[in-house]
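Participant: pasting a predicted model and its sequence here:
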Amino acid sequence: MKSLGHKLGVLKKILCQAYHEKENINVGDQWQLNAMRRIRNLGPVQSGLSFFMLFEQFVWRLTPATCLLIIVGAIIFLKLGFFPDYDVLTLFINDTEELSLAQLF
Amino acid sequence: MQNHLTGPSDVEIVRRIIDGDVNSFELLLKKYQDHVLRIVKKHIPYSEVEEMAQDVFVRAYQALANFKKEGSFKQWLSSIAVRTCYDFWRKQYRSRELPMSDLSERHRDWLEKTLSSESDLSFSEESRAKEAGELLDWALSKLSAKDRVVLELVYLEGFSVKEAADLLSLSVSNVKVRSFRSRKKLEKILTALIST
């Protein structure tokens, strides 16, 4: 009668051997052609440019123009005398009824 | 750099592919097909080997821009192959497409005869390989996908913990703990099997 430890040792040895014998199974030779077909369908390799790299390359170039646009817009609003906070406050003081009804609908 | 005896180097081929010469990838495929097959055959069921080998090369092609030229292409490809196998098992375990049934009477009979025979390896080689392979798959299916791949790499293939960690992009301590636990779990499964 063999001990449990001995049996376990034998079983482990057999399973380990079975694992390495998997390497000897034969595989067809069509998969390489299929792999190349799939790769050709994918087209040229992507350069690996991520969204952040694109952001760095293109969006930051527009920053001076954006800042200029903001400054010009602010000057135009000041020249026109457009103060939204002041206008809303005036409306609220002068016509409270209409404002509250307008808020309801 | 061109080596006149062995053809263009891997880095040179990769550069050509990135420059738009897709067909040059065939050189890498031919050079490393046996290496990739050797990895895939051990980790994946026979019926899926061809499909998986294709997937490894397609994934390698898609990630080619991330290949660091100072590293070994073979090592980089091995890592992709192992991670493709791991992803296969992760998907399989999630969808449970593979049967998780108990061992059949045939396997139990075979196991009993094998372990009780005086000569440890008295059965015919072919029969032993088939039954043992199925028994191994059954036992490994009781582990999680990650534990399974770690156990295969460290205990069955003999990679060091560091090498397995590099291949799977895991930390060394994670692989160390997983390999220890999964080996204990597998031993418990096998002990329960031979005790019944």
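Facilitator: Yep, that arrived. Numbers count the residues shown, from 1 in each chain, chains lettered A, B, ... in the order given.
Participant: where does the chain have low pLDDT?
Facilitator: No chain was given, so I picked chain A. Applying pLDDT under 70 to chain A flags the ranges A:1-2, A:47-58, A:82-83, A:91-92, A:95-105.
Participant: let's do chain B instead
Facilitator: Along chain B, the model assigns pLDDT under 70 to residues B:1-6, B:96-102, B:117-129.
Participant: 50 instead?
Facilitator: Applying pLDDT under 50 to chain B flags residues B:1-4, B:120, B:122.
Participant: any idea where the strands of chain B begin and end?
Facilitator: Taking DSSP state E to define them, one finds strands in chain B at B:2-3, B:7-8.
Participant: counting by contacts, list what the last one packs against.
Facilitator: Read it as strand B:7-8. If you count contacts as 3 or more Cβ pairs under 8 Å, 6 or more residues apart in numbering or on different chains; DSSP states H and E, strand B:7-8 packs onto no helix or strand. For glycine as for every other residue, the C-beta is placed from the backbone atoms N, C-alpha and C.
Participant: how about a cut-off of 10 Å?
Facilitator: Packed against strand B:7-8 by the contact rule (3 or more Cβ pairs under 10 Å, 6 or more residues apart in numbering or on different chains; DSSP states H and E) you find helix B:10-18, helix B:25-43.
Participant: got JSON lines for those, with distance to chain A and mean neighbour count too?
Facilitator: Output for the helices and strands packed on strand B:7-8, formatted as JSON lines (distance: least, Cβ to the nearest Cβ, whole Å; neighbours: other Cβ atoms under 10 Å in any protein chain shown):
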{"stretch": "helix B:10-18", "distance to chain A": "5", "mean neighbour count": "18"}
{"stretch": "helix B:25-43", "distance to chain A": "5", "mean neighbour count": "19"}
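Participant: could you export these as TSV, including distance to residue A:87?
Facilitator: TSV is the format used below for the helices and strands packed on strand B:7-8 (distance: least, Cβ to Cβ, whole Å):
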stretch	distance to residue A:87
helix B:10-18	59
helix B:25-43	66
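Participant: for residue A:29, which of the ones you listed is the nearest?
Facilitator: helix B:25-43 (9.4 Å; Cβ to Cβ).
Participant: now for that closest one, which elements pack on it?
Facilitator: Helix B:25-43 sits against helix A:4-21, helix A:31-42, strand B:7-8, helix B:10-18, helix B:49-62, helix B:73-95, with contacts defined as 3+ Cβ pairs under 10 Å, 6+ apart.
Participant: can you give me the angle it makes with helix B:49-62?
Facilitator: 130 degrees (axes from the mean of the first three to the mean of the last three Cα atoms, to 10 degrees).
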